[in-house]
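K.L.:
sequence isn't available, so here's the structure alone:
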């Protein structure tokens, strides 16, 4: 009887696990954002930076764009679909003036195809525009990191697909950081990255600031 009960409990647990959203892992991080918003309400009409660790680790983003109201809602390790799934909680409440997205890097690492990433970006645009029609969205191209050099061809293909999609959409911009981060040999350069070869150092962010600033300034007014 005890063995049967144990098996039943195990099966029930598996059913519950199977029924959980694949995005549920991020619930604590999203809840932390919401708690922060309650304690310190963020400004309306800000430029929202959202996506994976390249955004999360950008702790100085507000100081780097001092004349712009900025909100950082990056959560490291996330995939593009996670930002879409939680958009009703970490996009809609802010009614951002514009959105800067960096995601897709982890998607490729976890086996998504370039076409899937492009389609997931299109879904993100559709979702955020269901809250704020016409909100400008910038896709920061997937960076060519040393740690993921083996994915370079897929990264390039994904960027090309997103660039082509963005060209068909009003107010959707592809911002190329991929090309400037490559060396003369068209390979990733360690100088932009920390010791892990994946997350950027200050030089990497300085490069991004120079590239992003014209778009951010133009859409912050």
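P.N.:
Alright, I've got the coordinates. As the structure is a prediction and not an experimental result, all values here were calculated from the model.
K.L.:
what mean pLDDT does the helix or strand that contains residue 54 get?
P.N.:
Under the criterion DSSP states H and E, the helix or strand holding residue 54 is helix 53-56. Mean per-residue pLDDT for helix 53-56: 97.
K.L.:
how far does the helix or strand following it sit from its chain's centre?
P.N.:
Remark: after helix 53-56, the chain's next helix or strand is helix 61-64, criterion DSSP H and E. On the basis of CA atoms, centre = their mean, to the nearest Å, helix 61-64 sits 17 Å off its chain's mean C-alpha point.
K.L.:
what sits up against helix 61-64?
P.N.:
Residues outside helix 61-64 that contact it (CB atoms under 8 Å, 6 or more residues apart in numbering) are 49, 55, 58, 70, 72, 205, 209. For the C-beta atoms, the positions are set from N, CA and C on the backbone; glycine is no exception.
K.L.:
just the ones of those residues in helices?
P.N.:
55, 205, 209 (DSSP state H).
K.L.:
check contacts around the residue lying closest to the first one once chain neighbours are set aside.
P.N.:
In other words, residue 55. Nearest residue to residue 55 in three dimensions, chain neighbours excluded: residue 74, at 2.8 Å (CB to CB, 6 or more residues apart in numbering). With contact set as CB under 8 Å, 6+ apart, residue 74 has these partners: 49-58, 102.
K.L.:
at 7 Å instead, please
P.N.:
49-53, 55-56, 58 (CB atoms under 7 Å, 6 or more residues apart in numbering).
K.L.:
export those to JSON lines and tack on neighbour count?
P.N.:
Shown next, in JSON lines, are those (neighbours: other CB atoms under 10 Å):
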{"residue": "49", "neighbour count": "27"}
{"residue": "50", "neighbour count": "28"}
{"residue": "51", "neighbour count": "29"}
{"residue": "52", "neighbour count": "23"}
{"residue": "53", "neighbour count": "19"}
{"residue": "55", "neighbour count": "23"}
{"residue": "56", "neighbour count": "20"}
{"residue": "58", "neighbour count": "22"}
